[in-house]
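> need a structure here:
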Amino acid sequence: MKFKEICLYFEKIEKTSSRLEIASILKEIFLKVNSEELSKLVYFLQGTIGPIYKGKEINIGPKTLINLIAKYLGQTTVAVKKELNKKGDLGIVITSLESKVFQKTLFSKELEFLDVYLALEKISNIDGKNAIFKKLQIFESILFNLDKISAKYIIRFPISFRLGFGDSTIIDALSFLDDSIDQKKSREIISIKYEIISDLGYLSKIIKEKGILFLENLSLEKFVPFKSALCERAKNFSEIVKRLSGPENKEFIVDSKIDGFRQQIHKFGQVIKIFSRNQEEMSNMFPDIVEEIKKINFDFIIDCEAIAYDYINNRYLPFQITMQRKRKYDIFEKSKKLPLHLKVFDIIYFKDKETFSLSNLERRKIIEKYFNISEIIKPTEIIITKNVKELEDFFNNRIENGFEGIIAKDLDSSYKAGSRGFNWIKFKKSYYNNSLDTIDAVILGVFLGQGKRSENKVGALLMGIYDSFDEKYKTIAKLGSGLSDDILKYLCNIFEKDKLSYKPINICTNIEPDYYVLPKIIVEINFDDITFSNLHTCCYSNIKKTGLALRFPRFIKFRTDKTCFQTTTSEEINRIFDLQNN
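Here you go, the predicted structure:
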């Protein structure tokens, strides 16, 4: 299928906000392409080259793209920047500015979609000497063979390719491709499989070739990450007991909540891959863990936490120190200075069998029997109880031992990949600091420093959360407290590269910072409480004409283990707000 034809469909999508209509347009495209094109198109729609967990990137920045647009249109970079300040989107700049180039050399070849995708894939694989020059050569060869409508969509891709919908809408469209079964049932099958096989392009190819029902034959894939199980919150210990013990007065597991690297580790034979919470492969960063895992003589997939350990003082180290192990350079030296302990809390695959459908209790028995291996690899510490006092005592013990809190778990529940529910309930020490919890938010903009902070050029930060419903960032706080001089200097250096001269169209804000930044940096924030706000757009109610905001927000730490789409959700913010008011 021609790339131009696909882009004309994109134009239709951008003119509607109806999710059902968008899914219908996508279905029309999906029916026209072959299975190979469909899998690549799904990746393209997700804004990635290949599945997200492979982490391939174009690495062409905004400044370079502005120069390319100027060259493509025969305009000056000043004119392009001026238009960008008005429009807030590089793609719209291409279509709105007049072209001053006699375009006989342009559009010499009408490109197929696969031509474009494979060229982008080639760019993502370029590394080493003269990499930027080689990348630009290929990207220019694509851009200068496209009309303005097609160029609008390709120019967005290196930074943020979004059409106003996410994975849920893509799944809606895919669920319409097989008329032999009910659409609701189709959607359920795709959604469940996507939780355990995080590769929507791969699943779409199978749907195109073999039908949706064939997905039911699929299960866990070696070295393909699944979506981690998630926790709900509780206000106090009594609520935990009420929810998990219930009228039957059942016992439940109380696990340790560790503030480290959440990892899923796949081991098959002597091949070991470690994936982060956001499905980034990071095996090379942890040679010490890999060497320990190699000593195990059976295959498995585990859910676990790695945390730095201080052998001199016999204590676990805080998250900020543990995170120093996430690096590309001096990996071996750092592994010696900051050794890790691996705490195993769940198992998804054991020897030749999947275990995620087993009960928590059954999975726990496997962990305790087979993963109490060494000083480095051990199960998390747990108790089994139904008593509020025992629960509180264990929580206090965990805090004293340097952990973040507890996670209470239903004894009978299976592993719910990608799901948040009350079968897992977390309770953190931040509750004892006059705050119900902390949240994870993304930096959207910067307010320049005044007085003492004018030296670092960063005074405060505009913080937001990602709303997956409409794929936009909503503001929740202006953050200034807790930012040390070292942190401000660090941020200042990052913002030199990520600073934007325009307001991105996917940021909803009533507060104008001095400048916006690419939404990349996730920060954990403490706060006194959540209040109604006429300024902030998080959880905005059109009826009440108010949103929700953090009162007295304070910086705690960077969350380099999370992506800009993994902030605290609007549903969670509403849940925290309800809990603090009940």
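> so what does residue 150 look like in phi/psi?
For residue 150, the backbone dihedrals (degrees, to the nearest 10) come out as phi -70, psi -40.
> now the residue nearest to it when sequence neighbours are not counted: which helix or strand?
Excluding its sequence neighbours, the residue lying closest to residue 150 (C-beta to C-beta, 6 or more residues apart in numbering) is residue 7, at 4.5 Å. All C-beta spots, glycine's among them, are computed from the backbone N, C-alpha and C. Residue 7 is located in helix 3-14, with elements delineated by DSSP states H and E.
> quick check: phi and psi at residue 527.
The phi/psi pair for residue 527 (degrees, to the nearest 10) reads phi -160, psi 160.
> pull the contacting residues for it.
Going by C-beta atoms under 8 Å, 6 or more residues apart in numbering, residue 527 touches 435, 438, 439, 477, 550, 551, 552, 553, 554.
> what's the closest of those to residue 408?
residue 438 (18.4 Å; C-beta to C-beta).
> what is the burial count for that closest one?
Residue 438 has 24 neighbours, counted by other C-beta atoms under 10 Å.
> now for it: which residues touch it?
Neighbour list for residue 438: 428, 430, 524, 525, 526, 527, 556 [criterion: C-beta under 8 Å, 6+ apart].
> where do the strands of the stretch 101-250 of the chain begin and end?
For the stretch 101-250 of the chain, applying DSSP state E, counting those that start in this stretch gives strands covering 230-233.
> which residues of it score low on pLDDT?
For the stretch 101-250 of the chain, residues meeting the criterion pLDDT under 70 lie at 101-108.
> thinking again about what came up before, the helix holding residue 7 - what's its average pLDDT?
For helix 3-14, mean pLDDT is 95.
> which element follows it toward the C-terminus?
helix 19-32.
> returning to that earlier point: in strands, which of the contacts of residue 527 appear?
Counted as lying in strands by DSSP state E, out of the contacts of residue 527, are 439, 477, 550, 551, 554.
> what's across from the second one in the sheet?
Partner residues in beta bridges with residue 477, using DSSP bridges, are residue 463.
> wait, it sits on residue 536?
Yes - Residue 477 is within contact range of residue 536, at 7.3 Å (criterion: C-beta atoms under 8 Å).
> need the overlap of contacts for the two.
Common neighbours of residue 477 and residue 536, using C-beta under 8 Å, 6+ apart, are residue 549.
> spatially nearest residue to residue 522 (excluding sequence neighbours)?
Among residues not flanking residue 522 along the chain, residue 559 sits closest, at 4.1 Å (C-beta to C-beta, 6+ apart).
> and if you look at residue 445?
Leaving aside its chain neighbours, residue 445 sits nearest to residue 513 (3.0 Å; criterion: C-beta to C-beta, 6+ apart).
> and for residue 533?
Setting aside the residues directly before and after it, residue 533 is nearest to residue 549 in space (C-beta to C-beta, 6+ apart), at 3.6 Å.
> kindly report the same for residue 23.
Once flanking residues are discounted, residue 23 sits nearest to residue 172: 3.9 Å by C-beta to C-beta, 6+ apart.
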